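Enquirer: predicted model and sequence below, questions to follow.
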Amino acid sequence: MVEPVSRNADEDGPERPEEDQERSGGRRGSHRRGKSSKKRSFWKELPILIVIALVLTIVIQAFLAKVYMIPSGSMEATLHGCPGCTGDRILVDRVTYDFTDPSPGDVIVFKGPPAWTENEIAPQESSNIVVRALRGLGSLVGFAPPDERDFVKRVIATGGQTVQCCDDRNRVIVDGKALDEPYIHWADDHHRVQESFAPVKVPQGALWVMGDNRNDSADSRYQGGGGPNGAVPVDDVIGKARVIVLPPSRWGGISDHNPQQNAQPVALGATAWQQGLPLGIGFATAVPTLFVGRRLKAGLRKAAGRRR
């Protein structure tokens with residue numbers, strides 16, 4: 001027997017393709033909505049990523065390492081810098097001196113103590129908020145000079161040592177030994193003479209620092225009037241200069257050659273009056289010696305005449 005066909009069968013049959021289309025269309029629609037939602041989520045996350053990157057940069061530069069720009073030529077030729085030119089950018093290690101003190105030969109960045117900054121002209125602040133923000137951001141990553149009055153020099157002597165200049169070969173002397181300083185730069189190659197200064201005992205907890213560009217560096221010899229006032233407290237040291245990071249043509253490590261390691265003992269010259277002292281003593285003793293000699297000679301002649 002033939003089973004009867006339901007009237008609803010014809011009606012239900014044509015509806016199935018439509019339902020399938022609706023279902024497949026719904027799936028495609030949801031797929032498109034998923035893609036667009038992913039795109040929107042990325043743009044929402046981008047500001048968060050930028051903020052995280054800035055926070056990490058600030059934390060790293062505050063506690064681990066920071067990039068500084070060299071603004072002057074006082075450390076030529078180790079570090080290049082001059083007003084208006086593209087100076088070196090150096091990476092400064094802020095961790096090392098948490099465990100040890102600076103040593104002779106270290107190139108350090110330090111906050112200028114009062115004796116170094118009292119006569120400095122404070123940097124001019126822009127009244128434009130945007131300019132100040134960009135300058136601060138540039139300083140943070142080493143692309144603009146900071147407003148802080150920081151300095152970079154080389155450690156020559158440490159607390160308790162006595163430093164002076166110079167011996168007869170124009171070398172700086174520390175504790176009676178002439179330093180080995182191959183890093184010194186002479187701007188005038190025909191005038192390799194550095195200015196002399198009297199002996200200075202470096203205060204405990206302080207450092208005597210000088211620039212490699214020896215005749216173009218305002219350092220411990222002059223700051224604060226020179227002498228002990230020119231020494232830099234260890235507490236003001238920010239960190240040790242490790243690497244030149246920019247420009248690419250200057251990439252490389254920064255020498256920390258210890259000038260005291262191969263220092264040579266020297267016989268220090270006496271002052272002018274001390275140098276003339278032997279001559280004075282010789283002259284003072286010559287007169288009575290000559291007088292006594294003449295009297296003795298005259299006495300011998302008289303004795304000889306009597307015998308005759």
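Expert: Yes, it's here.

Enquirer: so which residues of the stretch 51-200 of the chain form strands?
Expert: 65-69, 89-93, 107-111, 150-158, 162-165, 172-174, 177-178, 197-201 (DSSP state E, counting those that start in this stretch).

Enquirer: report the buried residues of the longest one.
Expert: Using 16 or more other C-beta atoms under 10 Å as the burial criterion, the residues of strand 150-158 that qualify are Asp150, Phe151, Val152, Lys153, Arg154, Val155, Ile156, Ala157, Thr158. Where you see a C-beta, it was placed from the backbone N, CA and C, and this is true even at glycine.

Enquirer: put together TSV for those, with pLDDT and distance to Thr86 on each row.
Expert: Below are the buried residues of strand 150-158 laid out as TSV (pLDDT from 0 to 100; distance: C-beta to C-beta, whole Å):
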residue	pLDDT	distance to Thr86
Asp150	89	19
Phe151	94	20
Val152	95	16
Lys153	97	21
Arg154	98	22
Val155	98	27
Ile156	98	28
Ala157	97	33
Thr158	97	34
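
Enquirer: quick revisit: between the strands of the stretch 51-200 of the chain, which one is closest to Ile238.
Expert: With C-beta to C-beta as the criterion, Ile238 lies closest to strand 107-111 of these, at 4.7 Å.

Enquirer: show me the contacts for Cys165.
Expert: If you count contacts by C-beta atoms under 8 Å, 6 or more residues apart in numbering, Cys165 has them with Arg171, Val172, Ile173, Gln194, Glu195, Ser196, Phe197, Arg221.

Enquirer: from the residues you listed, pick the one nearest Glu45.
Expert: Minimum distance to Glu45 across the contacts of Cys165 is 55.3 Å, recorded for Arg221 (C-beta to C-beta).

Enquirer: ok, back up a step: please identify which of the buried residues of strand 150-158 is nearest to Cys85.
Expert: Nearest to Cys85 among the buried residues of strand 150-158 is Val152, at 16.1 Å by C-beta to C-beta.

Enquirer: do I have it right that the closest one meets Thr78?
Expert: No: judged on C-beta atoms under 8 Å, Val152 makes no contact with Thr78 at a distance of 9.5 Å.

Enquirer: what do these two both touch?
Expert: Residues touching both Val152 and Thr78 (C-beta under 8 Å, 6+ apart): Val107.

Enquirer: now do the helices in the chain.
Expert: Under the criterion DSSP state H, the chain carries helices at the ranges 7-63, 114-117, 129-140, 272-307.

Enquirer: list of residues touching the second one?
Expert: Helix 114-117 is contacted by residues Arg149, Phe151, Gln223, Gly224, Gly225, Asn229, Gly230, Val232 when judged by C-beta under 8 Å, 6+ apart.

Enquirer: having no further points to raise, I will conclude here.
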